[in-house]
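Undergrad: give me coordinates for this.
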Amino acid sequence: MLNTRDTVLITGASAGLGAELAKLFAAEGGSLVLVARRQDRLDELARDLQSRCTVGVRTISKDLSRPEAPREIFDELSQAGIPVDVVVNNAGFGAHGQFTELPADRQMQMIQVNIAALTHLTRLFLPGMLERGRGGILNVGSTAAFQPGPGMAVYYATKAYVLHFTEALGEELRGTPIKVTCLAPGPTTTEFAAKADLERSRLFSFGVMDAPTVARAGYQGFRQGRLIVIPGFKNRLLAFTVRLSPRAFVRQVTKRLNA
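TA: Numbers count the residues shown, from 1 in each chain. Have a look, this model is predicted:
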């Protein structure tokens, strides 16, 4: 079962959807563990949350592109006697450009953060949830998961993994008290576009949603036990029509949007 007094671990919590989700979970009055690279941003968010809500906040500065980071997070919390009830795997990033032109190291880091760290954290914390009979996993994916993405080949592929992994995990956990959700937003006003060099792309030229709205949709869907949450009618429509369209057509449209 899910409880409004959960201890919630949120990765990528220093900005964007991670920070907005932290605000929503903080309003429940439970405890938060905020994880990101930028300690100063984490501390600023923690002070803001504690000033507005009756909530305990622990910050952990970790770079999830390091393979050791998930185990270090788990060990730190275990040694402190802090059981985690909900894991929000929000950390992730993209890179815009041709596969052969983007730095190989950057693309491997993307796989590590978007896929490996998410998987590892889920594997580390999920058994404890099952033992306690409560909790859940909220994975932040993307509408990029529903089609291949020429111009952002690795990013789109990592989000396809997040979607499929979450769906499979949800089916494996059917009949247990553990809830699993994939939040799959479309273009959203966060730092993502600037960091991925997408601000001038067609993809971000229309229909961009704001981060608080997207975060609330994901939060509410998770609390309601929904497996997949796609905020916004346009995004839901696109995700549906992709399934009915010829694959070659989908690839060409996505390539133009990413240009």
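Undergrad: any weak-confidence spans in the stretch 101-250 of the chain?
TA: In the predicted model of the stretch 101-250 of the chain, residues 191-206 satisfy pLDDT under 70.
Undergrad: now do 90
TA: 187-208, 238, 242-250 (pLDDT under 90).
Undergrad: and the helices in it, which stretches?
TA: For the stretch 101-250 of the chain, applying DSSP state H, counting those that start in this stretch gives helices covering 104-111, 118-132, 153-172, 192-195, 211-223, 233-244, 247-257.
Undergrad: between the ones you listed, which one is nearest to residue 33?
TA: Closest of these to residue 33 is helix 118-132, at 10.4 Å (criterion: CB to CB). (C-beta placed from N, C-alpha, C; glycine too.)
Undergrad: CA atoms only for that closest one - export them in PDB, please.
TA: Taking C-alpha atoms only, helix 118-132 is exported to PDB below (Å, rounded to 0.1, in the frame of the first residue of the first chain):
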ATOM      1  CA  LEU A 118      17.500   3.700 -12.600                       C
ATOM      2  CA  THR A 119      17.600  -0.100 -12.800                       C
ATOM      3  CA  HIS A 120      20.200  -0.500 -10.000                       C
ATOM      4  CA  LEU A 121      18.400   1.800  -7.600                       C
ATOM      5  CA  THR A 122      15.100   0.000  -8.200                       C
ATOM      6  CA  ARG A 123      16.800  -3.400  -7.600                       C
ATOM      7  CA  LEU A 124      18.400  -2.200  -4.400                       C
ATOM      8  CA  PHE A 125      15.300  -0.700  -2.800                       C
ATOM      9  CA  LEU A 126      12.500  -2.800  -4.100                       C
ATOM     10  CA  PRO A 127      13.100  -5.900  -1.900                       C
ATOM     11  CA  GLY A 128      12.800  -3.800   1.200                       C
ATOM     12  CA  MET A 129       9.400  -2.500   0.000                       C
ATOM     13  CA  LEU A 130       8.200  -6.000  -0.600                       C
ATOM     14  CA  GLU A 131       9.300  -7.100   2.800                       C
ATOM     15  CA  ARG A 132       7.500  -4.200   4.500                       C
END
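Undergrad: next, the buried residues of it.
TA: 118-122, 124-126, 128-129 (16 or more other CB atoms under 10 Å).
Undergrad: picking up where we left off before, could you dump the helices of the stretch 101-250 of the chain into a markdown table with distance to residue 73 added?
TA: What follows is the helices of the stretch 101-250 of the chain, written out as a markdown table (distance: least, CB to CB, whole Å):
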| stretch | distance to residue 73 |
| --- | --- |
| helix 104-111 | 17 |
| helix 118-132 | 7 |
| helix 153-172 | 19 |
| helix 192-195 | 22 |
| helix 211-223 | 21 |
| helix 233-244 | 31 |
| helix 247-257 | 34 |
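Undergrad: so which of those gets nearest residue 57?
TA: Nearest to residue 57, of all those, is helix 211-223, at 17.3 Å by CB to CB.
Undergrad: now the angle from that closest one to helix 233-244?
TA: 60 degrees (axes from the mean of the first three to the mean of the last three CA atoms, to 10 degrees).
Undergrad: got the contact list for helix 211-223?
TA: Applying CB atoms under 8 Å, 6 or more residues apart in numbering, the contact partners of helix 211-223 are 2, 16-17, 19-21, 23-25, 136, 138, 140, 179, 181, 183, 185, 188-190, 229, 231-232.
Undergrad: 7 Å instead?
TA: Residues outside helix 211-223 that contact it (CB atoms under 7 Å, 6 or more residues apart in numbering): 2, 16-17, 20-21, 24, 136, 138, 179, 181, 183, 185, 188-190, 229, 231.
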